[in-house]
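> give me a model of this one.
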Amino acid sequence: MQRKRIGFTLIELLVVIAIIAILAAILFPVFAQAKEAAKKTACVSNSRQIGMAVNMYVQDADGTMPIFYAYNSQPAAGQPGHKGVEVLLLPYCKNKEVFKSPLDAGGPYTSIDVPGADTYWKAYGSSYRFTQCMYTVAAGESSSNNTPYDFSRVVNESSIEYSAETRIMRLEMFPFFSRTVDTGCARYGYDCDGPYNYYKKWGSTGGSMIFADGHAKHISNAGQFDDTRINPIGNKSGEATTDPNAWSGTWYSLCD
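Got it, this is the predicted structure:
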């Protein structure tokens, strides 16, 4: 009688392992892409909700855009006295989590500015950057990086010339802010040398943006980003300006 073979030979095991490795190499990138796509969808959904909150605020304020604040860490987000646009909008969206993008991975500076803050949401209250030129500035009250502004400017909804093309809010971090695209940190001012390096890759395909008319979409490249309008009269983000305060020579550096 012949004895039945039990188990596998070494060659058979190696073949099975090789097949599993090949399948994993094929499927893991697909899973990663699907996960990022889900985060992208949730991010755009959040931005739409924030845009709706801005519109409701404007209706209650007789057409006036909210007061602008940005990157205030003294006190940090969630602490009494913190000042941010999201604080003004919270009564209209009822949920702080809507200001947190699932793509928000923070940056090199957030944990320096606010110890323990590994996201922009934890540090400053929002994963989204509100476009400065599209909001009302009140001298001595509006502030950025804990420094009050010394001028005032009222922005009314009725003064916006191209509402469907003008951004009022965007995701904080885009992949094309990287120095591989922005050589010398001269265009967007994120991936810089020294202590003020803000860049960290959040996603591979871009980020969400909300416009003055209330619609939101995913922006996937620098060309689309630069082509959006950035102030009430309609200057484009990448458009050149001779204003001496424009550190990059574009309206982005004056208004974003």
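> what is the burial count for Thr119?
Neighbour count of Thr119, defined by other C-beta atoms under 10 Å: 22. Quick note: C-beta positions are derived from backbone N, CA and C, even for glycine.
> so it is in contact with Thr110, correct?
Yes - counting by C-beta atoms under 8 Å, Thr119 touches Thr110, with 6.9 Å between them.
> let me see the mean pLDDT of whichever helix or strand Ser45 is part of.
Per DSSP states H and E: Ser45 is located in helix 10-60. Helix 10-60 carries an average pLDDT of 81.
> what's the first helix or strand after it?
Next in sequence after helix 10-60, counting helices and strands by DSSP H and E, comes strand 69-70.
> now do that following strand, average pLDDT.
Here strand 69-70 scores 97 as its mean pLDDT.
> how about Thr166, what does it touch?
Thr166 makes contacts with Met134, Ile160, Phe211, Ala212, Thr228, Arg229, Ile230, Asn231, Pro232, Gly234, as judged by C-beta atoms under 8 Å, 6 or more residues apart in numbering.
> among those residues, which ones are in helices?
Using DSSP state H, no member of the contacts of Thr166 falls in helices.
> of those residues, buried ones?
Buried members of the contacts of Thr166, counted by 16 or more other C-beta atoms under 10 Å: Met134, Ile160, Phe211, Ala212, Thr228, Arg229, Ile230, Asn231, Pro232.
> just give the closest residue to the first one, not the sequence neighbours.
Put plainly, it is Met134. Leaving aside its sequence neighbours, Met134 sits nearest to Ile168 (C-beta to C-beta, 6 or more residues apart in numbering; 4.6 Å).
> next, that neighbour: secondary structure please.
With DSSP: H, G, I helix; E, B strand; the rest coil as the basis, the three-state label of Ile168 is strand.
> just checking, it touches Gln132?
No - judged on C-beta under 8 Å, Ile168 makes no contact with Gln132 at a distance of 10.3 Å.
> against which helices or strands is the helix holding Ser45 packed?
For helix 10-60, the contact count by 3 or more C-beta pairs under 8 Å, 6 or more residues apart in numbering; DSSP states H and E identifies helix 85-93, strand 128-130, strand 167-171, strand 207-211, strand 216-219 as packing neighbours.
> what pLDDT does the residue nearest to Met134 get?
Predicted confidence (pLDDT) for Ile168: 97.
> show the contacting residues for it.
With contact set as C-beta under 8 Å, 6+ apart, Ile168 has these partners: Gly51, Val54, Met65, Phe130, Thr131, Met134, Tyr135, Ile210, Phe211, Ala212.
> if I look at the nearest residue to the third one once chain neighbours are set aside, what pLDDT would I see?
What that stands for is Met65. Nearest non-adjacent residue to Met65, counting by C-beta to C-beta, 6+ apart: Val155, 4.3 Å away. As predicted, Val155 sits at a pLDDT of 98.
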